[in-house]
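*Asks:* Please work out how this folds:
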Amino acid sequence: YNAENYEEAVKWYTRAAVEGDAEAQRMLGVCYEYGRGVTQDEFEAFNWYGKSAAQGNAKAQNSVGFYYGTGRVVDQDYTKAVEWYTKSAEQGYEVAQCNLGLYYENGRGVEQDYVKAVGWYTESAEQGYAAAQCNLGWCYESGQGVDQDYAKAVEWYAKAAEQGYAIAQCNLGWCYENGQGVDQDYTKAVEWYAKSAEQGYARAQCNLGYCYEIGQGVDKDCKKAVEWYAKSAKQNYATAQHNLGVCYERGRGVDQDYAKAVEWYMKAAEQDYAKAQTNLGWCYENGLGVEWDYVKAVTWYTKGGENGDGRGYTLLGELYQIDGDDWGYKKAEEAFQKGMELGDTEAIFQMGKLYEEDLKDEGKAFEWYSKGAEQEDAACMYKLGICYRDGKGVEADQEKANQWLKKAADLGNERAQEALKKAEEKKQINEWIDLGMKAYEKENYGEAVEYFKKAAEQNNVTGLEWMGYCYEKGLGVGKIDYVTALGNLQHKCRSKKTKK
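*Replies:* A predicted model of the protein is given here:
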C-alpha cells in the first residue's frame with residue numbers, strides 16, 4: 001500500500017479482512033473509500049469500517065463516526081456519530097478527540113458544552129494534532145470554555161501553523177495584525193497570511209489582498225490586492241467578493257468597471273454580506289453598472305441595514321429625504337435612528353442636516369451635530385463650528401467655533417480647513433482695518449492708506465470704502481482723485497451684492 005501498489009494491497013487486505021483482521025478490514029475500507037486498487041464504493045467502505053470498528057479499531061470507529069456525521073451512504077445521525085467518536089477518542093485517537101470536541105462545541109448529537117470541547121481539543125492538541133491545536137487556540141482567543149487568553153491562543157496557533165495548517169497560519173497572521181497576544185507586527189502578519197494563502201485558504205487570501213491594498217506590512221500594490229481578492233472571491237468568500245467589487249467600482253488595481261463591481265457585489269450580497277448589500281443599493285440608486293432603480297435601491301439598503309451595516313440605513317434615510325415631504329422626512333428620521341444604533345456616525349450628521357435644512361429646527365440640528373462631534377465625526381465637528389460661528393441653534397461664540405473647526409480640519413475635513421483659512425483671512429483684514437483706523441485718528445494718513453489698501457485688495461467693503469474716502473479727500477494719496485474714489489465705491493457696491 002505504501003508503495004502505491006494498490007491492487008496487490010487490496011488482494012492481501014481482502015484475505016486478511018475475511019479472516020477477521022480488524023486493521024486489514026479498516027485498510028480495505030480506506031481502499032474502497034478512495035478507489036485505490038478497486039472501484040470506488042463508499043457503501044463497501046462503510047461496511048468494512050463497521051466490521052473493523054465493531055472489533056474496537058479506533059481509526060475505524062472514527063471513520064464510522066464520520067460517515068454518520070456527514071450522512072454519506074447512511075442517514076445522517078449526529079447522535080450515532082458522537083457514539084463512535086467517543087469510542088475512538090476514549091482509546092486516545094487524536095483525530096476522533098478533535099472531532100468529538102467539535103461536536104461538543106457546536107452541540108451536534110450532544111448538549112453544547114464548551115468546557116468538554118476544550119477538554120477533548122486539549123487531549124488531541126497535546127498529541128500534536130494540528131486541527132485540534134488550532135481549535136484550542138480559537139477557544140482561548142474567544143474565551144469559549146476557558147478564560148480568554150490571547151497569549152495562549154497565539155501559542156496554540158503557532159504550534160499548528162508551524163505544521164503547515166492553513167487555518168492556524170491565517171489566525172496567527174490576524175493576531176500579529178491586531179496585536180492580540182503578541183506585539184503588533186504587520187510584516188509578520190503578511191508572512192503568515194501568505195503561507196496560508198498560498199495553500200488556497202480563502203480568508204487568508206482576502207486578508208493578504210487587503211494588506212496589499214492599503215500597504216500594511218508590504219508595499220502598497222493594488223494590482224496584487226486584486227489578484228488575491230480574485231482568488232478568494234472565486235472560492236465564494238463573501239468579504240473578498242465585496243472587496244473586489246469595491247476595486248472595480250473605484251478603479252483600484254483594475255480598470256474601473258461598474259458592471260463587474262455590481263456582479264461581485266451581487267455574489268456577496270446573496271450571501272447576506274451587509275456591506276455588499278449596501279453598495280449594491282448605491283449602484284441601483286445612481287445607475288452604476290445597472291439601470292437606475294429606486295425600488296431596488298431601497299430593497300438593498302434595507303437588507304444591508306438589517307444585516308448590521310448602519311451605512312445601509314443612513315443611505316436609505318437620504319433616499320427618503322429626497323422625497324421632500326413629511327412622510328419622507330419621517331421615514332428618513334427613522335432610518336437615521338437605526339443607522340445610529342448600528343454605530344454609523346454619518347447617520348448623526350445626516351440627522352442634524354435633516355433638522356437644519358428640511359425641518360428648519362436649528363436647535364435640534366445643533367444637538368445632533370454636538371453628539372456626532374463627541375464621537376469624533378469630522379463632518380459634525382465642522383457643522384458644530386459653523387453653528388457657533390453663525391449663532392445657529394446656540395449663542396455665537398467665535399472661540400468655540402474655531403476650536404471645533406480646527407478639530408475637524410485636523411481630521412482632514414476640507415470644508416473646515418477652508419473655513420479656518422477664511423476666518424484667518426478675515427482676522428487679518430480686521431487687523432488691517434483697525435490699524436488703519438488708529439493711524440487715521442493720529443492723522444498718519446499715508447500709513448492709514450497702506451492698511452486700508454491691503455484690506456481693499458481682498459475685496460473688503462470697509463477697506464474699499466475708506467480707500468474711496470481717502471481719494472475723495474486727498475488724504476494720504478497725494479491729491480484728490482474723484483475717479484479712483486468713485487471706482488472704489490463702485491467696487492464696494494459690487495462686493496456687497498456678491499456677498500448678499
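
*Asks:* Helices along the stretch 401-500 of the chain, start to end?
*Replies:* 414-441, 445-456, 461-473, 482-499 (DSSP state H, counting those that start in this stretch).

*Asks:* For whichever strand or helix holds Gly385, give me every contacting residue.
*Replies:* Following DSSP states H and E, one finds Gly385 within helix 378-390. Outside of helix 378-390, the residues that reach it under the criterion C-beta atoms under 8 Å, 6 or more residues apart in numbering are 345-346, 348-349, 352-353, 356, 362, 365-366, 368-373, 392-394, 396-398, 400-405, 407-408, 411-413, 415-416, 419, 423. In short, each C-beta sits where N, CA and C put it, glycine included.

*Asks:* Dump the helices of the stretch 401-500 of the chain into JSON lines; add mean neighbour count as well.
*Replies:* Putting the helices of the stretch 401-500 of the chain into JSON lines (neighbours: other C-beta atoms under 10 Å) gives the following:
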{"stretch": "helix 414-441", "mean neighbour count": "16"}
{"stretch": "helix 445-456", "mean neighbour count": "20"}
{"stretch": "helix 461-473", "mean neighbour count": "21"}
{"stretch": "helix 482-499", "mean neighbour count": "14"}
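
*Asks:* Which parts of the stretch 151-300 of the chain are helices?
*Replies:* According to DSSP H, counting those that start in this stretch, the helices that the stretch 151-300 of the chain contains are 166-178, 186-197, 202-214, 222-233, 238-250, 258-269, 274-286, 294-306.

*Asks:* Tabulate the ones you listed in CSV, adding columns for mean pLDDT.
*Replies:* Converted to CSV, the helices of the stretch 151-300 of the chain look like this (pLDDT from 0 to 100):
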stretch, mean pLDDT
helix 166-178, 98
helix 186-197, 98
helix 202-214, 98
helix 222-233, 98
helix 238-250, 98
helix 258-269, 98
helix 274-286, 98
helix 294-306, 97
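
*Asks:* Ala22: which of those is closest?
*Replies:* Nearest of those to Ala22, taken as C-beta to C-beta: helix 166-178 at 32.6 Å.

*Asks:* Can you list the buried residues in that closest one?
*Replies:* Using 16 or more other C-beta atoms under 10 Å as the test for burial, helix 166-178 gives 166-177.

*Asks:* Adding distance to Gly328, write the helices of the stretch 151-300 of the chain out as TSV.
*Replies:* Formatted as TSV, the entries for these read as follows, by distance: least, C-beta to C-beta, whole Å:
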stretch	distance to Gly328
helix 166-178	42
helix 186-197	46
helix 202-214	37
helix 222-233	37
helix 238-250	27
helix 258-269	25
helix 274-286	15
helix 294-306	12
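
*Asks:* Nearest to Tyr6 among these would be which one?
*Replies:* Of all the helices of the stretch 151-300 of the chain, it is helix 166-178 that lies closest to Tyr6, at 28.1 Å by C-beta to C-beta.

*Asks:* Which strands and helices lie in contact with that closest one?
*Replies:* For helix 166-178, the packing partners by 3 or more C-beta pairs under 8 Å, 6 or more residues apart in numbering; DSSP states H and E come out as helix 130-142, helix 150-161, helix 186-197, helix 202-214.

*Asks:* rerun that using 6 Å as the cut-off
*Replies:* Using 3 or more C-beta pairs under 6 Å, 6 or more residues apart in numbering; DSSP states H and E as the contact criterion, the secondary-structure elements in contact with helix 166-178 are helix 150-161, helix 186-197.

*Asks:* right, and those - which one's nearest Ser88?
*Replies:* If you check each of the helices and strands packed on helix 166-178 against Ser88 by C-beta to C-beta, helix 150-161 wins as the nearest, at 21.0 Å.

*Asks:* can you list the residues that contact that closest one?
*Replies:* Helix 150-161 is contacted from outside by 130, 133-134, 136-137, 140-141, 168-169, 171-172, 175, 180-182, using C-beta atoms under 6 Å, 6 or more residues apart in numbering.

*Asks:* sorry, back to before: any chance of the helices of the stretch 401-500 of the chain in TSV with distance to Gly289 and mean pLDDT as columns?
*Replies:* Below are those laid out as TSV (distance: least, C-beta to C-beta, whole Å; pLDDT from 0 to 100):
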stretch	distance to Gly289	mean pLDDT
helix 414-441	28	93
helix 445-456	52	92
helix 461-473	50	87
helix 482-499	42	51
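
*Asks:* Could you dump those into JSON lines with distance to Val64 added?
*Replies:* As requested, the helices of the stretch 401-500 of the chain are arranged in JSON lines below (distance: least, C-beta to C-beta, whole Å):
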{"stretch": "helix 414-441", "distance to Val64": "67"}
{"stretch": "helix 445-456", "distance to Val64": "93"}
{"stretch": "helix 461-473", "distance to Val64": "93"}
{"stretch": "helix 482-499", "distance to Val64": "86"}
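
*Asks:* Nearest to Thr39, out of those?
*Replies:* helix 414-441 (70.5 Å).

*Asks:* could you give the angle of the closest one to helix 445-456?
*Replies:* In this structure, helix 414-441 runs at an angle of 160 degrees to helix 445-456, with axes from the mean of the first three to the mean of the last three C-alpha atoms, to 10 degrees as the basis.

*Asks:* so how far is helix 414-441 from its chain's centroid?
*Replies:* What separates the centre of helix 414-441 from the centre of its chain is 43 Å, taken as C-alpha atoms, centre = their mean, to the nearest Å.

*Asks:* Also stretch 77-89?
*Replies:* So, by C-alpha atoms, centre = their mean, the centroid of stretch 77-89 is 40 Å from its chain's centroid.

*Asks:* pLDDT on that stretch, on average?
*Replies:* Confidence over stretch 77-89, taken as the mean pLDDT, stands at 98.

*Asks:* do the same with stretch 17-27
*Replies:* pLDDT averaged over stretch 17-27 equals 97, rounded to a whole number.

*Asks:* thinking again about what came up before, and which of the contacts of helix 150-161 is nearest Cys222?
*Replies:* Gln169 (24.1 Å).

*Asks:* re the thing from before, and the helix holding Gly385, what's buried?
*Replies:* For helix 378-390, a neighbour-count test (16+ other C-beta under 10 Å) marks 378-389 as buried.

*Asks:* which element is the residue lying closest to Thr302 once chain neighbours are set aside on?
*Replies:* The shortest distance from Thr302 to any residue that is not its chain neighbour, by C-beta to C-beta, 6 or more residues apart in numbering, is 6.2 Å, and that residue is Leu316. With the criterion set as DSSP H and E, the secondary-structure element containing Leu316 is helix 310-321.

*Asks:* next helix or strand past that helix?
*Replies:* Read in the C-terminal direction, the helix or strand following helix 310-321 is helix 326-341, with elements assigned using DSSP H and E.

*Asks:* Please write out the alpha-carbon positions of that following helix in CSV.
*Replies:* Coordinates of each C-alpha in helix 326-341 appear next as CSV, following Å, rounded to 0.1, in the frame of the first residue of the first chain:
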residue,chain,number,x,y,z
ASP,A,326,-43.5,65.0,5.8
TRP,A,327,-43.8,61.2,5.0
GLY,A,328,-40.3,61.2,3.5
TYR,A,329,-38.8,63.2,6.4
LYS,A,330,-40.3,60.8,9.0
LYS,A,331,-39.0,57.7,7.2
ALA,A,332,-35.6,59.4,6.9
GLU,A,333,-35.6,60.1,10.6
GLU,A,334,-36.5,56.5,11.4
ALA,A,335,-33.7,55.2,9.1
PHE,A,336,-31.1,57.6,10.5
GLN,A,337,-32.0,56.5,14.0
LYS,A,338,-31.4,52.8,13.0
GLY,A,339,-28.1,53.8,11.4
MET,A,340,-27.0,55.4,14.6
GLU,A,341,-28.0,52.4,16.7
